[in-house]
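[1] Dropping a prediction and its sequence here:
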Amino acid sequence: MALPLSVSGLRVEGDAGRAILEADAFDVAAGSAVAIRGPSGAGKSTLLFALAGLVPIAKGSVRWGETEISSLKEDGRAAFRRAHIGMIFQDFLLFEELSAEANASLAGAYVRKRRHKIGEGARRALERLGLKGDDARTVATFSGGERQRVAVARALATEPSIILADEPTASLDRAAADALVDDLIQLTRESGRTLIVASHDLKVHEAVDCIIDVADGRLIGEVRRNA
Ligand SMILES: Nc1ncnc2c1ncn2[C@@H]1O[C@H](COP(=O)(O)OP(=O)(O)OP(=O)(O)O)[C@@H](O)[C@H]1O
C-alpha cells in the first residue's frame, strides 16, 4: 500500500544549531513520483534524509500515512524504515565482494522472519531489472549501470511502500542514467509506490509527477506539478 507524505513546519539544524533546512508545509500524494531539485548545497539530501528519519528533526512534523516519524525515537524511525522505506544512493553502497543477489537480499540478513520473502523479492527485482539472480560474479566486476540496478533491486526487495533516492544517476554515464530513470519510474509506478528522488538530472525532472524546488535550505514556492 502506498503512503502519502505530509510535512509541516520542518526545521533541521546543523551542528552549531544553525538551520540547514526549513519547509513550511507540503504534501505528496500516495503513489506519486516527486523530484527534489536545487543547486549543490541547497539542502536536497538533508530534506530526503529528514523524510527517511535519518537526521534529527529540530522542529515540525514529517508524517507518512498515519505515522508521524518526527515524533518517534531513533529505534522507532529505524523500524519504520525497515518496514516501509527502500533507499538508493549516488555511490550505490554495495558490498563489492558479494554477488548481485547477496547484495540485493542484504536486508534479509537483519530480519530473520522475512529472510525467505526478501530473498524472493530480491531475485524478482533483479530479473525485472534485467540482471540474472544466479550470476555468481561479485559486483566489483559490474558496470556502474549494473551496480545501480543491483542497488534498486536491494531497495525493492523488502517490498517497501516508499522509495527514496539520493542522486541515483549522478555516478552513471548518460545512457545508463536514462535507462535507470526509466526503470525506477516504471517499477515504482507499476507497484503504486511513492517515489522521492533528490536529483540534478533533467531526465529525472521530466519523468516525475511533480517537483519540489529547494534553494539555500528552504523550499521555494509550491510543489510544482509537471504537465
Ligand atoms: N550536520 C551538518 N552540520 C552543518 N551543516 C550541514 C550538516 N549537514 C549538511 N550541512 C550543510 O547543509 C547544506 C545542505 O547540504 P545537502 O547535502 O542537503 O545539500 P544538497 O542540496 O544535497 O547538495 P548536493 O547537490 O551537493 O549533494 C550544505 O551547505 C551542507 O554543508
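    Here it is on my side, so go on. Everything numeric here is computed off the predicted structure, so don't read it as measured data.
[2] Please list the residues of the chain that sit near the ligand.
    14-15, 20, 38, 40-46, 198 (Cβ under 6 Å from any ligand atom). The way it works is simple: take the backbone N, C-alpha and C, and place the C-beta from them, glycine included.
[3] hmm, try it at 8 Å
    Applying Cβ under 8 Å from any ligand atom, we find that the chain lies next to the ligand at 13-16, 18, 20-21, 38-49, 55, 166-167, 198, 200, 214, 217.
[4] Just the buried ones from the residues you listed?
    13, 20-21, 38, 42-49, 55, 166-167, 198, 214, 217 (16 or more other Cβ atoms under 10 Å).
[5] what residues are up against whichever residue of the chain sits closest to the ligand?
    Nearest residue of the chain to the ligand: residue 14, at 2.6 Å (Cβ to the nearest ligand atom). By Cβ atoms under 8 Å, 6 or more residues apart in numbering, the residues touching residue 14 are residue 20.
[6] next one: the one 5 residues further on
    Contacts of residue 19 were listed using Cβ under 8 Å, 6+ apart, and they are 11-13, 58, 217.
[7] And the furthest pair within these?
    By the measure Cβ to Cβ, 58 and 217 form the most distant pair in the contacts of residue 19, at 12.5 Å.
[8] who touches stretch 105-116?
    82, 95, 98, 118-119, 122-123, 154, 157-158.
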